[in-house]
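1. sequence first, predicted coordinates after that:
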Amino acid sequence: MAIDFNASDGATLGVEWEIQLVDAETRHLRQDAREVLAALPSLSENGDNPPVRHELMESTVEVVTGIRHTVAEAKADLAGTLTALRGAAADRGIALACTGTHPISDWRDAVMAPTRRYAELIEEMQWLARRIQTFGVHVHVGVSDGARAIPIVNALSAYLPHFLALTASSPFWKGSDTGLASSRAIVFGQLPTAGPPHLLDDWAAFEDYMDTLLRSGTIRSIKEVWWDIRPHPDFGTVEIRMFDGIPTMREVGMAVALCQSLVTLFEQQLDRGYTLPRPAAWVVRDNKWRATRYGLDAIVITDDSGSTAPLRDDLYELIRELEPVADRLGCAEELKVAGEVLEHGAPYERQRAIRAEGGTLENIVDAAITELAEDRFVTLGEVAHAGA
């Protein structure tokens, strides 16, 4: 089968941010996305790609940018929509937050969004889909043609642990500490067509593989291939889906800057005739697990022979390597936030710090609400002490 790739003009951006609807009193999730979206018809009914829309669960509203060229433009787009969403939610006693999972709420209490696509997904996947009360951020970066999309996906797969560890925000599941930095990575990763991308040779191999999946009935559309990184032919992008729910706009900007800088670097290397690196599939899988379990404290595999290095060290080196690219793209300040995360703690570390100071799971929800509303990190038991 031939799959047309709608090539992008430069490393354009699109961001999808899944926002939790939280009851302002109980701190549990509210299943009221339909009411909130109905209050925002100018945003929720705006063409084929509205800025706010349903996700799988009614506890979620997805905030989506238009096509943007810079990280600053993408952040401004998200901020404007988020302001309108916050007003509509507040009128209904709902606060907004974003973490990969909700620390308290039980997925069995979830209500599914009223769309045919999601109903079909639930019917097909059953328990695997019903428990996906998870939240993430997806970043699209424009690519100049499909022939480049596959080697760029392959090269980006080496950075799955970097993407995840910086944003891991789901150590808690149904009121318990899972011992993982990201329980979301496990919950969502259990879907049959989720997980690390298949490392393919070229665009023709991608077309053949999608054709095989369709003919076998494994998928009904290539949109049902939920790899952690995937080509998106309709948008002409590579979509990075590895990020946990991100609590602050500052960290969203960091994630977008990291993606745009890496894709731009790889495009430049292809322009010069270089062959992009392609890690072994076992390395990609193993490193994803290491970041899922240990977050920033993971020791990751750095080559196909099994050499290792601390992920924190690797991240510092990556940030330095990308600084010139980010500077040219105008997102150097956003990229620097990665250094702040390394210094002050990733979201999962900030959550556990609250518990270590004697805080409750409700305090952790309060912290997530504050982080999103005030765009700052809440650490070292700040919220726990405030509620004592």
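-> Everything's here; your move.
2. only C-alpha atoms from now on, for both contacts and neighbour counts.
-> Will do.
3. can you list contacts of stretch 107-119?
-> 31, 34, 54-59, 130-133, 174 (Cα atoms under 8 Å, 6 or more residues apart in numbering).
4. one more pass at 6 Å, please.
-> 56, 57, 58, 131, 133 (Cα atoms under 6 Å, 6 or more residues apart in numbering).
5. okay, now the nearest residue to the last one once chain neighbours are set aside: neighbour count?
-> If you skip the residues right next to it in sequence, residue 133 has residue 107 as its closest partner in space, 5.6 Å away by Cα to Cα, 6 or more residues apart in numbering. Neighbourhood size, residue 107 [other Cα atoms under 10 Å]: 18.
6. per-residue pLDDT, residue 107?
-> What the model reports as pLDDT for residue 107 is 87.
7. now do residue 388
-> Listed pLDDT for residue 388 reads 48.
8. and for residue 4, the neighbour number?
-> 12.
9. swap that for residue 126, sorry
-> Per other Cα under 10 Å, the neighbour tally for residue 126 reads 11.
10. so what does the longest helix along the chain touch, helix or strand wise?
-> Counting by DSSP state H, the longest helix found in the chain is helix 249-271. Judged by 3 or more Cα pairs under 6 Å, 6 or more residues apart in numbering; DSSP states H and E, the packing partners of helix 249-271 are helix 332-344.
11. what angle sits between the helix it packs on and helix 249-271?
-> 120 degrees (axes from the mean of the first three to the mean of the last three Cα atoms, to 10 degrees).
12. next SSE downstream of helix 332-344?
-> Following helix 332-344 in sequence order, the next helix or strand is helix 347-356 (DSSP states H and E).
13. run the chain-centre distance for that following helix.
-> 20 Å (Cα atoms, centre = their mean, to the nearest Å).
14. and stretch 3-22, by the same measure?
-> Remark: stretch 3-22 is offset 11 Å from the chain centroid, using Cα atoms, centre = their mean.
15. and for stretch 199-217?
-> On Cα atoms, centre = their mean, the centre of stretch 199-217 falls 25 Å from the chain's centre.
16. now it: average pLDDT?
-> pLDDT averaged over stretch 199-217 gives 95.
17. neighbouring contacts of that stretch?
-> So stretch 199-217 is in contact with 1, 147, 150, 154, 219, 220, going by Cα under 6 Å, 6+ apart.
18. if we can go back for a sec, quick check: the residue nearest to residue 133 vs residue 60, distance?
-> Plainly put, residue 107 is 12 Å away from residue 60 if you go by Cα to Cα, to the nearest Å.
19. swap in residue 350?
-> Using Cα to Cα, one gets 23 Å for the distance from residue 350 to residue 60.
20. which parts of the stretch 151-300 of the chain are strands?
-> Taking DSSP state E, counting those that start in this stretch as the test, the strands found in the stretch 151-300 of the chain are 172-173, 176-177, 194-195, 226-227, 229-232, 237-244, 299-301.
21. for the chain, which element, helix or strand, carries the lowest mean pLDDT?
-> helix 382-386 (a mean of 60; mean pLDDT, DSSP states H and E).
22. in the stretch 51-200 of the chain, what spans have low per-residue confidence?
-> Residues of the stretch 51-200 of the chain meeting the criterion pLDDT under 70: none.
23. would you map the strands across the stretch 1-150 of the chain?
-> Taking DSSP E, counting those that start in this stretch, the strands of the stretch 1-150 of the chain run over residues 13-23, 52-54, 60-64, 94-97, 136-142.
24. with distance to residue 120 added, can I get the ones you listed in TSV?
-> Formatted as TSV, the strands of the stretch 1-150 of the chain follow (distance: least, Cα to Cα, whole Å):
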stretch	distance to residue 120
strand 13-23	21
strand 52-54	15
strand 60-64	18
strand 94-97	28
strand 136-142	21
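25. tell me which of those strands lies nearest to residue 377.
-> Distance to residue 377, taken as Cα to Cα, is lowest for strand 94-97 among the strands of the stretch 1-150 of the chain, at 13.0 Å.
26. show me what that closest one is packed up against.
-> strand 13-23, helix 361-374.
27. list the buried residues for the last one?
-> Within helix 361-374, the residues scored as buried using 16 or more other Cα atoms under 10 Å are 361-373.
28. brilliant, that's me finished.
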